[in-house]
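Colleague: My questions are about this predicted structure, shown below with the sequence.
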Amino acid sequence: MTQVVHKFGGSSLSNAARYHAVANIIIGNSQLGDVVVVSAAGKTTDTLVKLWQAYQQHDSHGYHDVLQLLRTHQHELIDELLAAHQAHALQSQLNSELQRIAEQLQTNTLDEASLLAHGELWSARLLATYLQQLGYAAQDLDARQLLCVHQGQLLHLDNEKLCERHIARDKINVVTGFIAADSNQQTVTLGRNGSDYSATLLARYVNAKQVCIWTDTQGVFSTDPRKVADALKYQKICRGQANRLAQLGNPVLHAKTLSPLQGSAIKLSVRSSYDSDASGTEIVREGYCKHKRFLTTIEGVDLYRVSSLKVDELATLSQLIQHTIGHFQQQGVDFLIVPSAHSTLISRELGERGQLVESNLNGCALVSPNQYTQQGYQEMLACLEQLNLTIRFSHCDQDYALVLTDQIIDADSLGKVHRTLIGAHQQIAVIVAGLGNVGSVFLQQFTQQLARLEQHFEVKLVGLLRSRSMLFDPCGLDPQNWQGQWLEQAVPYQSEQLCERLNELDYEHKVVIDITASESFSGLYPDFVRANCHLISANKYAGTAPNSWYQSLRNELAERNLKWRYNTSVGAGLPINFALADLQRSGDEITRIQGVFSGTLSWLCSHYDGSQAFSELLFAAQKLGFTEPDPREDLSGRDVQRKLLILARELGLQLDIDDIELSPLMPESLAQGSWQDFLDNIALLDDFVGTHAQQAQKEQKVLRYNADLRIVDGKVKAQVGLVAVAQSNPLAGLSPGDNIFVINSRWYAQNALVIQGPGAGKEVTAAGVHSDLYWLIESLS
Ligand SMILES: Nc1ncnc2c1ncn2[C@@H]1O[C@H](COP(=O)(O)OP(=O)(O)O)[C@@H](O)[C@H]1O
Ligand SMILES: N[C@@H](CC(=O)OP(=O)(O)O)C(=O)O
């Protein structure tokens, strides 16, 4: 039984390396019985069209050149992909086909559709043979055996039977796209770009579960991503909008692609054959996702005013020229947008009913949610005028608006229009994990931050997470009154359910803000990234995970163009990461970072003057809530070691946690055992600190728990532990509880750059997380 129909367009089959990649995708994503629809390799159909034109113009030089071009391209593909004996068989088949075409050219018996069909026939034969060579059961199938048309109508019931008969359950079926047969067994084509339509038709006939259109972009974007780098990739778009785009001539899906799926639950997605791991765009049924905004270009068209346009005439005219024809009405009058290259034919067909309004126009169209179209239309007109483009014609409908000009809208101008119409209207979904001290203050600060954040785009708080329960509302939660909603609607979750919810969120951008201290939660970051979420962490675990894990997370983020901010994981709200990034961006070279990175240890060391036992201070700090529940966690120095690792990685150093030498602020023997054991042996701690302090005092120094990373001659030395510092050292004058970061660099060699201030506290930390969120949104807009 066929589960999936895959479709690979010409852009996915342009050379031997692409065939190889496509074969790998098929092997990894299909099973026996599945259908693989292929288009002609690269621009082969365009070349065949040229051949047809040369033939019609009796240009024998022209058509011989084109025949030679076709022969060379196909021979190259075969040679590069197949072993000698298979290559030989395919080449002789190809030669006899080209020979036959040459004869038909000479005898004036060439048929256009049969000629154009060759592109798809060659692709299917080559790919099936290549799969066989790789050891897979595959067959190529000529779609003229499967898709029958009578008087322009597909014979659905007959076709279902033909598919049942010819599609093998024990093979991968490589089927030609684009072509069908009429009831006289003559070739007909389904229109340029029509292999998408072949794929959905076949899916309907064989009752497949899914159609996957593999192309050269990662899915459907807000505009052509080849022209506009900041085009937004949409995870989901609805069928109606995809259809509208296709009717406006956008190439990413053919105009008829959606029609066979009507009333069916067959899934449709667009994915990249160049990056098969990336998630694509799902084209979902109406109501299953929000309507989005798109900008599509219109190139080289003529505009006709038509009187008495007949029912179905549009389909007939489109079939005649093999291209989509745009159609709309203004005040009861029909207008057609026709590719200029085919205008003569259309003009002839329309006769006196068709009046050419303007020729050789270009333009762009906005497809948008209905409520926005009118406003978008006005914005588009204003924007194009600002770009000094002369508007020749414009039209605003319910769900789209188009503007035609006589100038070319280049990628630069398109980018500007896109920024105004789409870039400025993006939405970001915020999910906050961890609703403790910092998390709840973060939410309190959220509302007052909104105005600032929404200068860039719409921000919605959509998810809240504690370790075992979650609350999601894709339409937005109230950051001021989330507690009530939490009590009523929060539900228990496992990580899979959380990822599912994140995946479902239909926003242009999503960000998971991790304000937990959970190592296991940080282990889910790769899943969040796969769900296309940006990350903001106050949590230190991911930033200090083993380097291989950390680097692969970074790579995945980079591949998806996602950001990760974690300024508060070191020094809470202090702008240490900003400073390091800035120095490096300005070309400086950092040679040393040292300082006191723990508020708890800062408090303890600054207060300790030997007049009381160190343990007394420790218990006082514990009572004040300055320490971890088990203060040995602070004394271990591990937290400081993690912070130093995060900063080291900020400098681009590929360190692991064990590359940082660690001397705890307690004797080794106290680190193990129960809390009671610790209390029983507390004198050891006092002796340990006391001895160090006496030694320091002799040298007129004070004790500080210091992190220190130096880069000398390209070698890194990093250590964390107790040090004695002179009174003149900036670490000595530190206020109890404050953090201090002392940075030396090429430009701050003698006098260090010092950042100092509270390195903990819920307000400053929550504000630091807001600063990361602001940065993220600003950088996305
Ligand atoms: N909104 C859009 N999203 C994605 N691709 C688009 C969009 N608008 C235009 N395109 C263009 O569509 C092309 C894919 O269509 P096409 O070349 O017909 O592919 P194929 O050969 O796979 O059928 C992309 O290379 C891209 O330049
Ligand atoms: N080869 C045909 C049919 C097709 O659908 O091609 P593609 O999938 O490359 O758009 C064309 O070029 O029109």
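Modeller: Yep, that arrived. Ligands and ions are numbered 1, 2, ... in the order given.

Colleague: Now do Asp230 against Leu780, distance only.
Modeller: With distances taken as C-beta to C-beta, to the nearest Å, Asp230 is found 9 Å from Leu780. Every residue, glycine included, has its C-beta placed from N, CA and C.

Colleague: quick one: which of these two has more around it?
Modeller: Leu780 (20 against 16; other C-beta atoms under 10 Å).

Colleague: what sits against the more buried one?
Modeller: Gln426, Ile428, His456, Phe457, His509, Lys563 (C-beta atoms under 8 Å, 6 or more residues apart in numbering).

Colleague: what residues are up against the closest residue to Asn577 other than its chain neighbours?
Modeller: Closest residue to Asn577 apart from its sequence neighbours, by C-beta to C-beta, 6 or more residues apart in numbering: Asn567 at 4.5 Å. Neighbouring residues of Asn567 by C-beta under 8 Å, 6+ apart: Gly573, Pro575, Ile576, Asn577, Phe578, Gly768, Ser771, Asp772.

Colleague: quick one on the thing from earlier: lowest-confidence member of the contacts of Leu780, which is it?
Modeller: Among the contacts of Leu780, His456 carries the lowest pLDDT, at 79.

Colleague: My reading is that that one is in a strand; is that accurate?
Modeller: No. According to DSSP: H, G, I helix; E, B strand; the rest coil, His456 belongs to no strand; its state is coil.

Colleague: That one reaches Trp775, doesn't it?
Modeller: No. If you go by C-beta atoms under 8 Å, His456 and Trp775 don't touch, sitting 10.8 Å apart.

Colleague: so Leu461 bridges to which residues?
Modeller: Counting by DSSP bridges, Leu461 forms beta bridges with Val430.

Colleague: Any figure for the gap between it and ligand 1?
Modeller: Distance from Leu461 to ligand 1, counting by C-beta to the nearest ligand atom, to the nearest Å: 29 Å.

Colleague: Likewise for Pro758?
Modeller: 48 Å.

Colleague: pretty sure that residue contacts Leu734?
Modeller: No. Contact criterion C-beta under 8 Å: Pro758 and Leu734 do not qualify, at 11.2 Å.

Colleague: if you count what's nearby, which of those two comes out ahead?
Modeller: Between Pro758 and Leu734, counted using other C-beta under 10 Å, the more crowded position is Leu734 (21 against 18).

Colleague: Look up the pLDDT of the more buried one for me, please.
Modeller: Per-residue confidence (pLDDT) for Leu734: 90.

Colleague: so what's it up against?
Modeller: Val596, Ser602, Ser606, Arg704, Ile740, Gln756.

Colleague: So it belongs to a helix, correct?
Modeller: No. Applying three-state DSSP, one finds Leu734 to be coil, outside a helix.

Colleague: separation between it and ligand 2?
Modeller: Leu734 is 66 Å from ligand 2, by C-beta to the nearest ligand atom.

Colleague: and that residue, what are its phi and psi?
Modeller: phi -70, psi 130 (degrees, to the nearest 10).

Colleague: Quick one: mean pLDDT for stretch 304-319?
Modeller: The model assigns stretch 304-319 a mean pLDDT of 92.

Colleague: what's that stretch in contact with?
Modeller: When contacts are defined by C-beta under 8 Å, 6+ apart, stretch 304-319 is touched by residues 152, 191, 255, 324-325, 327, 333-336, 338, 346-347, 349-350, 353-357.

Colleague: can you rerun that using 6 Å?
Modeller: Defining contact as C-beta atoms under 6 Å, 6 or more residues apart in numbering, one finds that stretch 304-319 is touched by Ile325, His327, Asp334, Phe335, Leu336, Ile346, Arg353, Gly354, Gln355, Leu356, Val357.

Colleague: next one: stretch 569-588
Modeller: Taking C-beta under 6 Å, 6+ apart as the rule, stretch 569-588 contacts 537-538, 540, 543, 567, 643, 646-647, 650, 739, 741, 745-747, 755, 757, 759-760, 764-765, 767-768.

Colleague: The residue in the stretch 301-450 of the chain that ligand 1 sits nearest to bridge partners, please.
Modeller: Closest residue of the stretch 301-450 of the chain to ligand 1, C-beta to the nearest ligand atom: Val367 (9.4 Å). Under the criterion DSSP bridges, Val367 forms beta bridges with Phe294, Tyr400.

Colleague: Contacts only, for it.
Modeller: Applying C-beta under 6 Å, 6+ apart, we find Val367 in contact with Gln241, Arg244, Leu245, Phe294, Tyr400.

Colleague: Columns pLDDT, neighbour count and distance to Val4 on top of those, output as TSV?
Modeller: Formatted as TSV, the contacts of Val367 follow (pLDDT from 0 to 100; neighbours: other C-beta atoms under 10 Å; distance: C-beta to C-beta, whole Å):
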residue	pLDDT	neighbour count	distance to Val4
Gln241	96	24	24
Arg244	96	21	26
Leu245	97	22	24
Phe294	98	29	26
Tyr400	98	23	31
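
Colleague: so, if you compare those residues, which one comes nearest to Leu202?
Modeller: Comparing the contacts of Val367 against Leu202 with C-beta to C-beta places Leu245 closest, at 22.3 Å.

Colleague: Show the model's pLDDT score for the residue nearest to Thr176 when sequence neighbours are not counted.
Modeller: Nearest non-adjacent residue to Thr176, counting by C-beta to C-beta, 6+ apart: Glu120, 3.7 Å away. pLDDT, Glu120: 98.

Colleague: distance between the helix or strand Glu120 falls within and the chain's centre?
Modeller: If you go by DSSP states H and E, Glu120 is part of helix 112-133. Put simply, helix 112-133 sits 32 Å off its chain's centre (C-alpha atoms, centre = their mean, to the nearest Å).

Colleague: Show me what that helix packs onto, helices and strands only.
Modeller: With contacts defined as 3 or more C-beta pairs under 6 Å, 6 or more residues apart in numbering; DSSP states H and E, helix 112-133 has these neighbours: strand 35-38, helix 44-56, strand 138-141, strand 172-176, strand 187-189.

Colleague: just the angle between the second one and helix 112-133, please?
Modeller: It stands for helix 44-56. Computed with axes from the mean of the first three to the mean of the last three C-alpha atoms, to 10 degrees, the direction of helix 44-56 lies at 150 degrees from that of helix 112-133.

Colleague: ok, so of the contacts of Val367, who is nearest Gly10?
Modeller: Among those, and counting by C-beta to C-beta, the member closest to Gly10 is Leu245, at 19.2 Å.

Colleague: What is the subsequent helix or strand relative to the stretch of helix or strand that closest one belongs to?
Modeller: Counting by DSSP H and E, the element that carries Leu245 is helix 239-247. Heading C-terminal from helix 239-247, the first helix or strand you meet, by DSSP H and E, is strand 267-272.
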